[in-house]
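task: produce atomic coordinates for the following.
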Amino acid sequence: MGDNRTPLRKARLERRFETAIWRFRLITLIPVVMSLIGSVSCFVLGTYEELTVLGKVVQGQFTYANSTLLIGKVVGGIDFYLIGIALLIFGYGIYELIISDIDVRQQDNSQERRNLLNIESLDGLKQKLTKVIIVALIVTAFKLMVSFEVKTITELLQYCAGVLMLAFSAYLIGRTGKH
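Okay, here's the model as predicted:
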């Protein structure tokens, strides 16, 4: 009789352990919530940048000398938005991969919106994040290049090489979406 209870006890212990492991995945709610909060923070910072520039333009506080600075701030705001989008994608992706599908997204009638954040694997999440991060880096490089002063031939060549690399990066991003 002791032999029959041992397999049952092992099965019960195994089931409890597996249940505990399955519930432990809920710890990933921490990075999900924090990335969503970070996303909101980036959207607020980007909006602040954009409104600051808009306020200066409306008040007539712009000149040719500070126009590149203002353009840099506008592009910086866009950069914040892109980082916010990357954090949003990360939060949604981790939630869908580890916790559960987002039911509200599944109910949307639009096929395009349903597939927008449809992340089915860690590689899919990585690809979507990589694209947004590369675009954010391109925008950051553009922001720096707006205020770049060309004084020598070497600087002109460096500037042209930078533009060429940005164009090539944009080309590669476009190509990866077609595969």
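
tally of neighbours for Gly76?
Close neighbours of Gly76, defined as other C-beta atoms under 10 Å, add up to 19. Heads up, the C-betas are built off the backbone N, CA and C, glycines and all.

which residue sits closest to it in space, ignoring its chain neighbours?
Glu49 (5.3 Å; C-beta to C-beta, 6 or more residues apart in numbering).

wait, that neighbour touches Val75, no?
No - using C-beta atoms under 8 Å, Glu49 makes no contact with Val75, being 9.1 Å away.

number of nearby residues for the residue nearest to Gly76?
20.

and for Val53?
Neighbour tally, Val53, other C-beta under 10 Å: 21.

that one: which element?
Under the criterion of DSSP states H and E, Val53 resides in helix 29-58.

just give me how far the following helix or strand past that helix sits from the chain centre.
Using DSSP H and E, the helix or strand that directly follows helix 29-58 along the chain is helix 64-94. Averaging C-alpha positions (C-alpha atoms, centre = their mean, to the nearest Å) puts helix 64-94 11 Å from its chain's average.

now do helix 64-94: which elements does it pack against?
helix 29-58, helix 122-146 (3 or more C-beta pairs under 8 Å, 6 or more residues apart in numbering; DSSP states H and E).

rewinding a little: elements contacting the helix holding Val53?
Applying 3+ C-beta pairs under 8 Å, 6+ apart, one finds that helix 29-58 makes contact with helix 64-94.

looking at the chain, which helix or strand is least sure?
The weakest-scoring helix or strand in the chain, judged by mean pLDDT, DSSP states H and E, is helix 111-116 (a mean of 57).

mean pLDDT and distance to Arg12 added to the helices and strands packed on helix 64-94, as JSON lines?
Output for the helices and strands packed on helix 64-94, formatted as JSON lines (pLDDT from 0 to 100; distance: least, C-beta to C-beta, whole Å):
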{"stretch": "helix 29-58", "mean pLDDT": "94", "distance to Arg12": "28"}
{"stretch": "helix 122-146", "mean pLDDT": "82", "distance to Arg12": "33"}
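
redo the ones you listed as TSV? Include distance to Gly162.
Shown next, in TSV, are the helices and strands packed on helix 64-94 (distance: least, C-beta to C-beta, whole Å):
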stretch	distance to Gly162
helix 29-58	23
helix 122-146	6
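
Tyr159: which of those is closest?
Closest to Tyr159 of those, according to C-beta to C-beta: helix 122-146, at 6.9 Å.
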